[in-house]
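Undergrad: Here is a sequence together with a model predicted from it:
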Amino acid sequence: MGDIVPFPARPATSPATPAQTLDGALSSLFAALDAQRVALAGWREALSDLRGSVAGLEGSLIDYRGRLAVLSGEVDSLGRTAEALSRAAEGARPG
């Protein structure tokens, strides 16, 4: 079988003092808060971009609705014209 390789020994360290532990914890906390600030700024920027996109979409939908209303009126008018032409054609038939 193979040889068993032991894990390397860790260098001996002296136990941390309470002040060192507190300094390390505060340093980690401040780093996390800084990362959170950056992430929050990015999130706010994304929300602002989304707000602009939604406003643009709203404007486009309002325009589309107006165009559909105009088109509906034109289709109704063409339908009435077609019915009138059909009636006129029926009346013009010989017989």
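TA: Noted; the coordinates are in hand.

Undergrad: mind listing the helices for this protein?
TA: Counting by DSSP state H, the chain has helices at residues 18-92.

Undergrad: which ones are touching the residue nearest the centre of the chain?
TA: Central residue of the chain (CA atoms, centre = their mean): residue 50, 6.0 Å from the mean position. Residues counted as contacts of residue 50 (CB atoms under 8 Å, 6 or more residues apart in numbering): none. For glycine as for every other residue, the C-beta is placed from the backbone atoms N, C-alpha and C.

Undergrad: Look up how far residue 88 lies from it.
TA: To residue 88, residue 50 is 56 Å away according to CB to CB, to the nearest Å.

Undergrad: One more: residue 45?
TA: Distance from residue 45 to residue 88, by CB to CB: 65 Å.

Undergrad: cool, and residue 38?
TA: Distance, residue 38 to residue 88, using CB to CB: 75 Å.

Undergrad: next one: residue 23
TA: For residue 23, the distance to residue 88 - CB to CB - is 97 Å.
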